[in-house]
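In: sequence first, then the predicted structure:
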Amino acid sequence: MNCLWCEEERSRHIGWKNFLNLMNPYELCDSCVSNLIFLYETPSRCTKCSRESEEKICFDCIRWEKQMQDDPLLFNYSIFPYNLFMQEIIAKWKYRGDYVLGELFRPYIRAAFSKKFGKKKKELIAVPIPLSEKRMDERGFNQAEMLAHFLPLETKTAFIRIDSEKQSKRNRRERITAKNPFSLIEKINTPVLLVDDIYTTGTTLRHAAGRLKEHGCPSVYALTLIRG
Amino acid sequence: MIQEKLKRDLAELASTLDGKLLRLEELPIDRKLTRFLLSRNLLKTKPALTKSFLRTRCMRCGNETPRKFAEIPCQKCNKAHFYCRNCMDMGRLMECDVLYYWNGPSAVWSKQKNPCSWEGTLTRAQEKAALRIKEAITNREKEILTWAVCGAGKTEMLFPGISKALEEGMRICLATPRADVVRELKPRLEKAFRHIPIQALYGGSKDKHKQAQLIIATTHQLLRYEKAFDVMIIDEVDAFPFHADPALPFAQKRSAKRNCTTIYLTATPREDLKAEIRRGKLTHVFVPVRYHGHPLPVPKLKMWHSLNKELPKLQSSNPLLYWLLNRQNPKRQLLVFVPTVERAGQLKTPLTNLMLKHKLIHHPNQLGSVHASDPDRERKVVSFREKTLKVILTTTILERGVTFPSVDVAILDAGHDVFDEAALVQIAGRAGRNSNDPTGEVLFFHDGKTEAMLAAIYAIKQMNKRGGF
C-alpha cells in the first residue's frame, strides 16, 4: 500500500504487528506521520480554545468573554496547529477537492473525541458547520460533514448558511463584526458538538453556537481539526 | 453580411478552441455561447472518466492505476463517484463531469513570411542537425531524435525548422519538463521570432487564454490539448517527470495531430531510445561537439573513504578541501551537487566555515544552497548567475537546463542512487559551456565506484570520440 499523501510505498517490512494496518488504503507513511505536529505535544494550551498558550485561558478567549456577556461556546478542542504541512494537506483536500485525503484524519478525530468527549458520548449530537450553497457547488463536498461522520455520534444538519465571502479571505476585524450567516432549520434540545475543520478566530463557531442557544440548546462544544 | 460575420467569428472561435480539451470552467467563452455551440454540434463533450468492467480510465491524463482513483459522494447525482487523483492539479474530474472539445471547422493558422529574426550563425555541426530537422518537418516524418551533447546549442538548431513550420502555417509546440526552462526559453524565442505571437504555458502562467501558433509549455500543460499540433518538440525526453510519469507521454501523443512531426531532444538518451536507434526504428541526428568546438570535460573520480561518516562534519583535512585548494582556475564559480535535501542542509554551515577558514570565500553570503521546494530558488540561481554567490550547494534540480558561463563541478557522494548515468552526464555537462572558458573541472567524490559513474565517463569519452577529439 502507498502513502495517501506522498504516494511512496508505506513500509517494506510486513509483520504480524502491522499487516492489518498496511491493508488500510487511507494511511500515511512513517515519514509523513513524523511531519504531523500535535497540539497535545505542546507544554500548555488554552483550556478554552486549545491553542498553545502559557495562560490557562488565552488572550483571545478573554477578549471573547469581554465582548459577549455569555459566551455560547463552552470550549473548543483542536488536534493540530496550523503549520505548512497541514496547510498543504488542507489546500489539496478542501480547495482542490481531493476528497479521500480527509480519510487520513479519521483516526485522529476519533481518538480526540474519545479522549475529550467520550464521557458525554450518549447525549451529544454532532452538528457539522454547513457550507453556503455556492461553495458547496464549487467543492462538491462539505469537509466539516466528512469529519463529523467519523464520530460515533448521530449527525444532524441544523442550519443553512447564507454568506457571501470566504472566511479565509477576511481579516480578524471583518470576521468578528460580520453578520451571523446561519439560520436554524431544526431545533436541538440536547447538548451539541459542533464540528469544523479550522478554528481561526472562533467567529463562525460562536455564530453557530449562538443560534443553537437562542433556540433552547442547553450546551454547545466544538471539535475542530486545526487551531489556526 | 451576417454570414460573413458568422464565418469570421467561427474562425476566431476555432483558433481559440480547436485542439483543446477543457473542463466547463476552463472554457474561455461564456455559458450562453457554450450552450449555443453545443446545440449546433460545434462543441462536443465526452465523459471525463470511462468505466468498463474492470478498469476506470481518466480521459484527461490516461490514468488507469486503481489506487489513483478515489470515491467522492456527488451532490448533484446523489451517489458516490470516482474521481481521478492523478491530474487533480488541473481541476478535479468526476465520473459525471465532461470534457469539451471543438467540433467545428479546424483552425487555420497564417502562413508567416520570413518569421525568423535571428541573426546569429550556426556552427557546421549545428547546421547539419538543423537542416535534418527542417527536412523532417518538410517531409512530415513521424519522429526524429536529436541527440546533442550538453552545450551544443539545441535551441538555436531548432530555429530553421520552426521557421519552416511557421511558413507552412503549422502549429508548433515546444514542450519541456520544467517551468524554469519555459520561462527561460520564452524571451529567447520571442527575440528569434519577433513578429510571431508566442504563448508560454506552465502552472500559474498568465497567458493561458491567448491563442498562439507557437506554444512553449511544460509537458503537464499538454493534458489540456487533443489533436492540436503539427510539430511537436519534446525537450529533454529523458528528464525525470517525462520518463517516470506515464501521463506525460500519453498527453504528448494525444496532443499531436495525426500527421504530426515529433522532434525529441536529449543529451543523454535512455536505454529504450538507444535500443530503438540500434534497431533502426528511430531516426536520429547526432551532434557530438559543443557550439564552441571544444570537447566535453571528462569527470575525474576521487576516492573518499568513509565519506558518509566525514561529510556531515567536514573536518579540516579531506579530499574535497585538497581539491578546492588546488583548482586549475580558482576564479571559476563552484557548483556542488549533493544527493538529498537533508545533505544540503547539513553541509551548508560546515562547508561555509571551511571555505571561510581557507579564504576561498570572503563572506558567508557567498555560499548558497537550493533544492526543489526552496521558495527562493529562482532568486538564488539568478544571484549565482550574477556572481554574487560564488558557491552553490544544490540537489539534482540544477542538473539540466541551466547554463552558467564558468564553473567547476563537484559531486559529493556520487555513488548515491539519485545519480544515475543520465544525471551524471548532465551534471558534468554544466562545466565549460562558455567559449571564453571552454574547459572546467568535474569531480566525482565517492566511496566506491558505481556502474553509473563508469557508464557516464564512458559515454562522455565516446561522445568526444565521435566529435573527433
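Out: Now that the structure is in, tell me what you want to look at.

In: doesn't residue B:397 make contact with residue B:381?
Out: No - the criterion here is C-beta atoms under 8 Å, and residue B:381 misses it with residue B:397 at 9.3 Å. (Glycine included, C-beta is placed from N, CA and C.)

In: give the residues shared as contacts by the two.
Out: Common contacts of residue B:381 and residue B:397, defined by C-beta atoms under 8 Å, 6 or more residues apart in numbering or on different chains, comprise residue B:370.

In: pLDDT score for residue A:11?
Out: pLDDT, the model's per-residue confidence, is 68 for residue A:11.

In: residue B:418 too?
Out: The model reports residue B:418 with a pLDDT of 90.

In: list the residues that contact it.
Out: If you count contacts by C-beta under 8 Å, 6+ apart, residue B:418 has them with B:339-340, B:396.

In: out of these, which is most surrounded?
Out: residue B:396 (21 neighbours; other C-beta atoms under 10 Å in any protein chain shown).

In: next up, the contacts around it.
Out: Residue B:396 neighbours (C-beta under 8 Å, 6+ apart): B:337, B:339, B:418-419, B:423, B:427.

In: mind redoing it with 10 Å?
Out: Neighbouring residues of residue B:396 by C-beta atoms under 10 Å, 6 or more residues apart in numbering or on different chains: B:240, B:337-340, B:371-372, B:411, B:416, B:418-420, B:423, B:426-427.

In: nearest to residue B:94 among the contacts of residue B:418?
Out: Closest approach to residue B:94 among these (C-beta to C-beta): residue B:396, at 36.1 Å.

In: show me which strand runs longest in chain B.
Out: Ranked by residue count under DSSP state E, the longest strand found in chain B is strand B:256-266.

In: would you mark the buried spots in that strand?
Out: Across strand B:256-266, burial judged by 16 or more other C-beta atoms under 10 Å in any protein chain shown covers B:256-257, B:260-266.

In: that strand pairs with which strands, and in what direction?
Out: Using DSSP bridges, strand B:256-266 pairs in its sheet with strand B:143-148 (parallel), strand B:229-234 (parallel).

In: looking at the ones you listed, which one is packed in the most?
Out: Mean neighbour count (mean count of other C-beta atoms under 10 Å in any protein chain shown) peaks for strand B:229-234 among these, with a mean of 24.

In: what about the residue of the stretch 351-469 of chain B found nearest chain A, how many neighbours?
Out: As assessed by C-beta to the nearest C-beta, chain A sits closest to residue B:373 within the stretch 351-469 of chain B, at 10.1 Å. Other residues lying near residue B:373 total 8 when counted by other C-beta under 10 Å.

In: how about residues contacting the one helix or strand in chain B whose mean pLDDT sits lowest?
Out: Sorting the helices and strands of chain B by mean pLDDT, DSSP states H and E puts helix B:240-244 at the bottom, at a mean of 76. Residues from elsewhere that reach helix B:240-244 (C-beta under 10 Å, 6+ apart): B:175-178, B:218-220, B:234-237, B:247-249, B:252, B:264, B:266, B:270, B:272-273, B:396-397, B:399-400, B:418, B:422-423.

In: list the buried residues in it.
Out: Applying a neighbour-count criterion of 16+ other C-beta under 10 Å, one finds B:240, B:242-243 buried in helix B:240-244.

In: could I get these as TSV with distance to residue B:431?
Out: Listed next are the buried residues of helix B:240-244 as TSV, based on distance: C-beta to C-beta, whole Å:
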residue	distance to residue B:431
B:240	21
B:242	25
B:243	25
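
In: looking at those, which is nearest residue B:50?
Out: Nearest to residue B:50 among the buried residues of helix B:240-244: residue B:242, at 24.9 Å, using C-beta to C-beta.

In: what is the strand or helix carrying residue B:32 packed up against?
Out: Here residue B:32, judged by DSSP states H and E, is contained in helix B:31-39. Under the contact criterion of 3 or more C-beta pairs under 10 Å, 6 or more residues apart in numbering or on different chains; DSSP states H and E, helix B:31-39 touches helix B:2-17, strand B:43-47, strand B:98-102.

In: stretch B:317-324 - what's its average pLDDT?
Out: Mean predicted confidence for stretch B:317-324 is 88.

In: remind me which residues of the chain are low pLDDT?
Out: Chain wasn't specified; assuming chain A. A:11-13, A:21-22, A:164-167 (pLDDT under 70).

In: oops, wrong one, chain B.
Out: Applying pLDDT under 70 to chain B flags the ranges B:1-2, B:209.

In: which residues in it form helices?
Out: Remark: helices assigned in chain B by DSSP state H are B:2-17, B:31-39, B:124-138, B:154-167, B:179-192, B:240-244, B:247-255, B:271-278, B:307-310, B:319-325, B:341-357, B:377-385, B:421-428, B:451-466.

In: buried set for stretch B:44-54?
Out: Buried residues in stretch B:44-54, counting neighbours by 16+ other C-beta under 10 Å, are found at B:48-49.

In: hmm, that stretch touching chain A?
Out: No - Stretch B:44-54 does not reach chain A (C-beta under 10 Å from any C-beta of the partner chain); its nearest approach is 13.4 Å.
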